[in-house]
Structures are given as structure tokens and as C-alpha cells.
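Participant: The sequence isn't on hand, but the structure is:
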């Protein structure tokens with residue numbers, strides 16, 4: 001099958017910074033399963049500038065065997081596509097991608113699946129003058145609409161009258177830690193090691209986390225924060241506890257090593273499409289704490305394979321105290337269930353579910 005992915009959130013090469021790799025992972029998984037993938041990277045220039053990203057030169061790129069057609073648009077979307085016309089199905093990701101994919105569908109008359117992220121919900125709720133109604137119309141023009149997580153699916157039902165599929169991210173089997181190695185860290189705990197992986201931006205909501213750790217002086221805990229961003233100086237100034245460490249950008253192997261040693265992973269985001277870092281933490285057997293409006297909140301069951309909290313200072317403090325009070329066997333049971341959930345969300349299993357939705361379009 002030949003698939004055209006339309007999105008603005010796709011890296012043009014391995015050095016392309018500031019671009020999440022989630023959609024690229026979907027494309028690579030489909031490629032590995034034997035399908036031809038094209039990407040129309042529909043970059044709405046004003047939107048990129050507002051995000052602090054410089055537009056890349058228009059043209060044809062190739063990355064990891066996938067052909068990428070980068071097109072920059074000033075208006076949403078005056079459309080003269082410079083793409084192959086031999087694709088079988090269109091898949092869009094992100095609001096700009098869906099708005100553009102609607103026009104691709106109209107021009108080429110191919111089946112169209114729109115995949116919604118948290119940014120789609122934000123556009124539908126906030127940008128009433130033009131983008132909200134335009135996006136709602138584009139979603140309703142899609143043959144299939146899919147949501148990246150349970151909470152997005154629930155929100156989408158307020159805007160479209162369609163069945164909504166679910167397409168979560170997956171993690172490679174090789175990244176799921178061996179159970180024996182994962183559980184040994186819960187023996188004879190002297191210091192509870194906590195890890196957070198996040199861009200240091202408002203949406204990631206790290207200030208309540210810093211405040212909570214500052215106040216948990218009675219618990220022997222440490223916190224490592226991986227990531228950079230505009231709030232770094234402000235967060236560092238707020239961090240009064242000397243055991244709070246800001247480690248900036250690190251390699252994936254360094255982050256995986258830290259997760260393998262950590263007892264707790266927490267990301268108290270105000271809004272999260274899915275949160276691949278949650279899945280990476282589960283795969284290393286961490287006691288994983290997510291916000292009640294996070295993408296993982298439909299997969300994590302409280303006190304079974306992780307914990308769900310209101311993302312406030314008190315919510316964070318209370319859950320860390322609760323975990324600290326548990327004995328080794330109780331923590332190991334949660335860790336086992338975390339590993340099991342990570343295995344269920346394996347990379348190719350998720351890709352095949354994604355593919356099933358695509359195949360339904362081509363019947």
C-alpha cells in the first residue's frame with residue numbers, strides 16, 4: 001500500500017531539532033511492515049514562527065527511506081501540491097495537516113483518515129474566528145477520524161458525529177526492561193529516585209512538581225529533570241531542595257539508564273496528546289504518575305500499573321507520600337504491571353492496529 005502522510009510535525013532529517021518524533025515513528029513502523037510512505041510536510045509559516053521554528057526550504061527530502069515533500073504556506077491553505085499522485089490513502093496528523101489533507105482529498109479523490117492530537121482539541125476550543133470551524137469541517141470530511149488517546153477521543157465527540165478510532169503510540173520490544181532487572185531496584189531502597197522528562201514550558205506544569213519536592217523534606221527523595229526550555233531559569237530559582245537536578249538535553253541512552261534506575265516517573269502536564277515518555281518509563285518498570293488529562297490516563301489504572309493525579313502541588317505531594325509508604329512487594333507488583341502495559345503497547349502491535357484502520361478505507 002502507498003500512504004501519503006500530511007502533517008507539519010515531521011523532521012526533515014535526524015538533525016532537525018524541536019520536532020517530536022511520534023509521527024515519524026508511525027511512518028517508520030508502516031515502512032517496516034512493507035508499505036511505501038510519502039510525507040507532505042505542510043508547514044503553515046505563521047504558525048511555525050509563532051512556535052519559534054524557522055521554516056525550512058521547500059523541496060524534496062529523503063530521510064530513513066521515506067520521501068518528504070516540504071511545502072511552505074502563508075495562507076491556510078492555498079494549495080498547489082507538488083507530490084506524487086500514486087498514493088492509495090491519505091493520513092493527516094495535527095490541525096495544519098488535517099486542513100491541508102482535506103484539500104488533497106478533494107483534488108485527488110482518495111480515502112482520508114484524520115488523526116487528532118491535543119492541539120486539535122485546543123484549536124477546536126479556542127480559535128473560533130476561523131480555524132475552529134475550518135478544522136471541524138475538515139474532520140467531518142474525513143472518511144475515518146482517529147484519536148491519539150482516550151481523552152482526545154472523548155473530547156472529539158463534542159465536535160464530530162462519527163465513530164472515532166484509537167491510535168496510541170507504541171514502544172519497541174527491545175526497550176522493555178527484563179522483569180528481574182526492573183524489579184531489583186525496589187529492594188532495600190535508601191533514596192527514592194524520581195525522574196521527569198519534559199520541555200521546560202508552561203504546558204508541562206513543572207512548577208507544582210518543584211514546589212512539592214521542596215516541601216517533602218521528610219522523605220528521602222531526589223528528582224532528576226531532563227529537558228530544556230524558556231522556563232529553565234525560573235524553575236531553577238524555585239528549586240530550593242539541593243536534590244533537584246536539572247540535566248538538560250541528554251541522549252536517549254542516558255535517559256533510558258536514568259529511568260532504569262528510577263523508582264518513580266512523573267510528568268504533571270496540563271495537556272498531553274499521549275506522552276511517549278510515560279510509555280518509556282513504564283517500559284523501565286517505573287511507578288508512573290500521570291495527570292488525569294494525560295494521554296496515558298486511559299491506560300494507567302490507579303494503584304495497579306501507575307497512578308493518576310490532579311496536577312497540583314498537593315496532588316503530587318500526596319501521591320509521592322503514598323508511594324513512599326508502600327513496601328517493596330507492593331511496589332514490585334505495580335512495576336510488574338507497568339512492564340506488562342508497556343508490552344501490550346508494543347511498537348508493531350500499535351502500528352498494525354493503525355494499519356487496520358487504513359485498510360478499512362481501501363476496501
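Facilitator: Thanks, I have it. Owing to the predicted nature of the structure, the values given are computational and were not obtained by experimental measurement.
Participant: Show me where this protein has its helices.
Facilitator: Under the criterion DSSP state H, the chain contains helices at 22-32, 45-50, 94-108, 118-126, 131-141, 150-156, 179-183, 207-215, 232-238, 252-261, 276-283, 313-324, 328-344, 347-361.
Participant: mean pLDDT lowest for which of the ones you listed?
Facilitator: Sorting the helices of the chain by mean pLDDT places helix 45-50 lowest, at a mean of 68.
Participant: I figured residue 22 hits residue 276, correct?
Facilitator: Yes - using Cβ atoms under 8 Å, residue 22 is in contact with residue 276, at 6.2 Å. Every residue, glycine included, has its C-beta placed from N, CA and C.
Participant: follow-up on the earlier one: winner for burial among the helices of the chain?
Facilitator: helix 276-283 (a mean of 26; mean count of other Cβ atoms under 10 Å).
Participant: and the angle for that helix with helix 328-344?
Facilitator: 120 degrees (axes from the mean of the first three to the mean of the last three Cα atoms, to 10 degrees).
Participant: Tell me, how many residues neighbour the closest residue to residue 220 other than its chain neighbours?
Facilitator: Spatially, and ignoring its direct neighbours in sequence, residue 220 is nearest to residue 191 (5.0 Å; Cβ to Cβ, 6 or more residues apart in numbering). For residue 191, the neighbour count with other Cβ atoms under 10 Å is 11.
Participant: pLDDT value on residue 191, please?
Facilitator: pLDDT, read off for residue 191, is 93.
Participant: and residue 23, what is it in contact with?
Facilitator: Taking Cβ atoms under 8 Å, 6 or more residues apart in numbering, we find residue 23 in contact with 5, 7, 9, 10, 93, 94.
Participant: any idea how far the closest residue to residue 227 other than its chain neighbours is from residue 298?
Facilitator: Spatial nearest neighbour of residue 227, chain neighbours left out: residue 198 (4.8 Å); criterion: Cβ to Cβ, 6+ apart. Distance of residue 198 to residue 298, computed by Cβ to Cβ, to the nearest Å: 20 Å.
Participant: Which one's more surrounded, these two?
Facilitator: residue 198 (22 against 18).
Participant: quick one: contacts for the more buried one?
Facilitator: 204, 206, 225, 226, 227, 229, 267, 269, 277.
Participant: which one among these gets closest to residue 171?
Facilitator: residue 277 (10.6 Å; Cβ to Cβ).
Participant: Tell me how many other residues surround the residue nearest to residue 354 when sequence neighbours are not counted.
Facilitator: Of all residues not flanking residue 354 in the chain, residue 167 sits nearest, at 4.9 Å (Cβ to Cβ, 6+ apart). If you count neighbours by other Cβ under 10 Å, residue 167 ends up with 25.
Participant: and what of residue 9?
Facilitator: The burial count for residue 9: 18, using other Cβ under 10 Å.
Participant: With adjacent residues omitted, what lies nearest to it?
Facilitator: Take residue 9 and drop its neighbours on the chain: the residue closest to it by Cβ to Cβ, 6+ apart is residue 94, 5.1 Å away.
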